[in-house]
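Student: Make a model of this:
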Amino acid sequence: MTGWGHYLLWGINMFFRYVLGFLLVGIIGLYADESQNQKRQVYMLKGQLYEQEQKVKLAEISEQKNGFFIGAILGNINLKSTPAGYQNLHPLLYGFRGGYQKYLRNYIAGLRFYAEYLRGDMKNADYQLGSVNLDLLADIPLNEDKAYSLGAFAGVGMAWTAFNQKSVGRFLNQLGTTINLGIALSLNLKHRIELSMKIPPVKLQEEDLREFSSTNLYLISYNFLF
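Tutor: Numbers count the residues shown, from 1 in each chain. The predicted structure follows:
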């Protein structure tokens, strides 16, 4: 074989080597791109599945937080009254409540409707407040399974309030609007401890020479959800 023939064969051989090399690189690149696309699709599917599972879980938790509840209440109020001597009273309030609460599917926000009765007995007098209320609830979960949460609430109600002095008879007997504000700690979804302030419908009442005044009600309560 002549020298030119030898160079020609060598050139053809190198050409095919380069072509095969480029083909192999292209095939490997296509395979790598396809593998990356598959990984991205799997990751996206996992993300969508997790998001859907979280929505279902939150909906289930919301359902568990819906239902009827009852509660027991203790509190304090400062009462001042005349005549029959100036009286500055600090009765221990006690009472109960019962109602129904409903949370949205996001678990965080909800509403509750309930009736409540409070009473304070003193040596020569008694104070009563009964109300029906509507509160807006908001909870922030404290753990991963969202069984424990810290929350706040605010609401309004229609209340009846009465103050009776045994020496002079009933002085206060009125209807009006009450306002509820407070914070809460929920334990295992079913148990709720609240610290709250209730603004009574009547804080000052004057009639002839008689006068009655009060502060807000400061309450601690426990609710059990059925």
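Student: element containing Lys146?
Tutor: Here Lys146, judged by DSSP states H and E, is contained in no helix and no strand.
Student: For it, report the pLDDT, please.
Tutor: In this model, Lys146 is scored at 77, pLDDT.
Student: Run through the bridge partners of the most centrally placed residue in the chain.
Tutor: Centroid-nearest residue in the chain, with CA atoms, centre = their mean: Asp139, separated by 1.8 Å. In this structure, Asp139 bridges to Gly151 when assessed by DSSP bridges.
Student: For it, which residues are in contact?
Tutor: Going by CB atoms under 8 Å, 6 or more residues apart in numbering, Asp139 touches Tyr107, Ile108, Ala109, Gly110, Ser149, Leu150, Gly151, Ala184, Ser186. Backbone N, C-alpha and C define where each C-beta goes, glycine included.
Student: again with Gly95
Tutor: Gly95 makes contact with Ala72, Ile73, Gly75, Glu116, Tyr117, Leu118, Arg119, according to CB under 8 Å, 6+ apart.
Student: What strand or helix carries the residue nearest to Ser221 when sequence neighbours are not counted?
Tutor: In space, and not counting its chain neighbours, Ser221 is closest to Ile73: 4.3 Å by CB to CB, 6 or more residues apart in numbering. Per DSSP H and E, Ile73 falls inside strand 67-76.
Student: Glu63 too?
Tutor: Going by DSSP H and E, Glu63 is part of helix 3-65.
Student: Give me the distance between the host helix or strand of Arg119 and the centre of its chain.
Tutor: Using DSSP H and E, Arg119 falls within strand 109-121. Mean-position distance between strand 109-121 and its chain equals 17 Å (CA atoms, centre = their mean, to the nearest Å).
Student: same for it, what does it pack against?
Tutor: strand 67-76, strand 92-103, strand 125-141, strand 149-165 (3 or more CB pairs under 8 Å, 6 or more residues apart in numbering; DSSP states H and E).
Student: could I get the ones you listed as JSON lines with distance to Thr82?
Tutor: As requested, the helices and strands packed on strand 109-121 are exported to JSON lines (distance: least, CB to CB, whole Å):
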{"stretch": "strand 67-76", "distance to Thr82": "21"}
{"stretch": "strand 92-103", "distance to Thr82": "22"}
{"stretch": "strand 125-141", "distance to Thr82": "12"}
{"stretch": "strand 149-165", "distance to Thr82": "10"}
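Student: With distance to Glu60 and mean pLDDT added, can I get those strands in TSV?
Tutor: Output for these, formatted as TSV (distance: least, CB to CB, whole Å; pLDDT from 0 to 100):
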stretch	distance to Glu60	mean pLDDT
strand 67-76	14	97
strand 92-103	11	96
strand 125-141	14	94
strand 149-165	15	93
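Student: Of all the ones you listed, which one is nearest Gln174?
Tutor: Within these, the stretch nearest Gln174 is strand 149-165; the backing value is 6.1 Å (CB to CB).
Student: Check which helices and strands that closest one sits against.
Tutor: strand 79-82, strand 109-121, strand 125-141, strand 169-187.
Student: Thank you kindly, that will do.
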